[in-house]
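In: whatever this is, show me its structure:
(chains A and B)
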2 protein chains.
Amino acid sequence: MTPALHPRGALRSSPIRSVTLTSGEVDAIAGLLTLRERQAFDLHAPEKILAVLAENPIFNVLDPEFVTRRRLDGGDSVSLSGGLQLSLFPVPGKVPLFLEDRAQALLAEDEVWGAEVTDGRARLLFIPACAMLTDALRAHITDADLLFFDGTLWEDDEMIKAGLGPKTGRRMGHMALQGAEGTLAAFSEVPVTRKVLIHINNSNPILDRSAPEHAAVRAAGWDVAFDGMEITL
Amino acid sequence: MTPALHPRGALRSSPIRSVTLTSGEVDAIAGLLTLRERQAFDLHAPEKILAVLAENPIFNVLDPEFVTRRRLDGGDSVSLSGGLQLSLFPVPGKVPLFLEDRAQALLAEDEVWGAEVTDGRARLLFIPACAMLTDALRAHITDADLLFFDGTLWEDDEMIKAGLGPKTGRRMGHMALQGAEGTLAAFSEVPVTRKVLIHINNSNPILDRSAPEHAAVRAAGWDVAFDGMEITL
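Out: Residues are numbered from 1 along each chain as shown, chains lettered A, B, ... in the order given. Predicted coordinates for the structure are as follows:
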């Protein structure tokens, strides 16, 4: 038999040794289903996100013999390979206008998180969803060496205008980029060495490198993430 | 605003109007999570597969306003667009050696299905998992114009030999291709116009077009499916 080799040389190898979840929403957790099948890794998440996994038996494909679910509370730190330390910090999530259904009820205030990774020298922050830049969050972000931040929408009502859905960005827990309360304005006075927009919706015009909105985020000191992007700190 | 256009011309359009599930296993249902977000389609499945979805609230991202779950029992037929008719028929599933856990308990005898699609002229069968070619199944397949069939493994103990897992193909509910009880032998006397192997595991040497096993399935009258394959009936 001559089995097909995985590109990394071993049969079904993966460089992933650890996964940390920053929310329990489908776009944050569904990817776990492609890591199944006897891939050993540690799965870190706060209590309520672990509860979302627990109430969906489909995640039992992550065989407990190989995947260990570990509770990681805000402020606690975990050691990763390569001398890195990871910790979670709370981020403003969805505005709790009303609890429209069960899925919504799962998104309480303490269920949206950012992740900080540091080697003791440089510090990177990963914040894929953020409803508002509070003073506490601004203080935490100040002087970061690298910030990955929620770039979902250009305008708060972008999805509605495009006929893609009835929800504003605010309603979905995402700051818009433009406007007086938007991300570009909010970060204008926050010192961060490098800022990269991630989690960009396909309605967002910054994805078009020839668009004025793309030029505007670049002028404000942000990069727009792309598949295969590599960053050296 | 100049939102990015979907390749098909409309914002977030999809040609998918209907989805039918032939099993409740993760590789059959996880793809639903990439069809979410206000894509209107009908979701057809037998009762027990619908129950698997129901006990995993993550599938509630398929908004009931857009996605209608419809029970489709074996033998019943549903009309699709283009004058097509679809029906399900039972296929031998996993050998119930023991009920090792809850996920396993969901895979009872009547939870693995094949799908038949016909325009009244030509008839195609889709059978991505099959533990055994029974007389009833052989009779149903006979004289099909196109058969997509379980090509998971070349040898029953292929996963074990390759160090990928402890289960035989038989244990996973898949006939192997080679051997006296294998698929190539079992179909040697079954008249089918065109036969295509699908659901091929990455340990299966037939994926290597230069391998003798690939030549063997071709010599036995089978095609090996590939991404982007198009077939005209």
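In: the residue lying closest to residue A:18 once chain neighbours are set aside in helix, strand or coil?
Out: Of all residues not flanking residue A:18 in the chain, residue A:42 sits nearest, at 4.8 Å (CB to CB, 6 or more residues apart in numbering or on different chains). Yep, even glycine has a C-beta here, placed from its N, CA and C like the rest. Of the three states, residue A:42 takes strand under DSSP: H, G, I helix; E, B strand; the rest coil.
In: which ones are touching residue A:42?
Out: Each residue near residue A:42 by CB atoms under 8 Å, 6 or more residues apart in numbering or on different chains is listed here: A:17-19, A:67-68, A:70.
In: what subset of those is buried?
Out: For these, a burial check counting by 16 or more other CB atoms under 10 Å in any protein chain shown picks out A:18-19, A:67.
In: distance check, residue A:195 against residue A:93.
Out: 21 Å (CB to CB, to the nearest Å).
In: for residue A:45, that is, sorry about that
Out: Residue A:45 is 15 Å from residue A:93, where distance means CB to CB.
In: quick check on the two: which one has the bigger neighbour count.
Out: Using other CB atoms under 10 Å in any protein chain shown as the criterion, residue A:45 and residue A:93 rank with residue A:45 on top: 26 against 20.
In: helix or strand next in line after the lowest-mean-pLDDT helix or strand in chain A, which one?
Out: Sorted by mean pLDDT, DSSP states H and E, the helices and strands of chain A end with helix A:102-105, the least confident at a mean of 43. Using DSSP states H and E, the helix or strand that follows helix A:102-105 in sequence is strand A:113-118.
In: where does the prediction get shaky in chain A?
Out: The model of chain A has pLDDT under 70 over residues A:1-12, A:36-37, A:94-110.
In: partner residues bridging residue A:197?
Out: Judged by DSSP bridges, the bridge partners of residue A:197 are residue A:149, residue A:224.
In: surely it is in contact with residue A:217?
Out: Yes - checked against CB atoms under 8 Å, the pair residue A:197 and residue A:217 is within contact range at 6.5 Å.
In: okay, and the common contacts of those two?
Out: Here residue A:197 and residue A:217 have A:151, A:177, A:206, A:224 as joint contacts, going by CB under 8 Å, 6+ apart.
In: now render the buried ones among the contacts of residue A:42 as a markdown table, adding secondary structure.
Out: Below are those laid out as a markdown table (three-state DSSP):
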| residue | secondary structure |
| --- | --- |
| A:18 | strand |
| A:19 | strand |
| A:67 | strand |
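In: quick one: which of those is nearest to residue A:134?
Out: Proximity of the buried ones among the contacts of residue A:42 to residue A:134 (CB to CB) peaks at residue A:19, which lies at 27.0 Å.
In: in the sheet, who's paired with the closest one?
Out: Beta bridges link residue A:19 to residue A:43, judged by DSSP bridges.
In: related to what we said a few turns ago, closest one of the contacts of residue A:42 to chain B?
Out: Using CB to the nearest CB, residue A:67 comes nearest to chain B of the contacts of residue A:42, at 13.8 Å.
In: so the closest one bridges to which residues?
Out: Note on residue A:67: beta-bridge partners residue A:41, judged by DSSP bridges.
In: so what's the closest residue to residue A:66 other than its chain neighbours up against?
Out: Leaving out its chain neighbours, the residue that sits closest to residue A:66 by CB to CB, 6+ apart is residue A:40, at 4.4 Å. When contacts are counted by CB under 8 Å, 6+ apart, residue A:40 touches A:17, A:66-67.
In: next one: residue A:182
Out: Residue A:182 neighbours (CB under 8 Å, 6+ apart): A:175-176.
In: and what of residue A:229?
Out: Residue A:229 makes contact with residue A:196, according to CB under 8 Å, 6+ apart.
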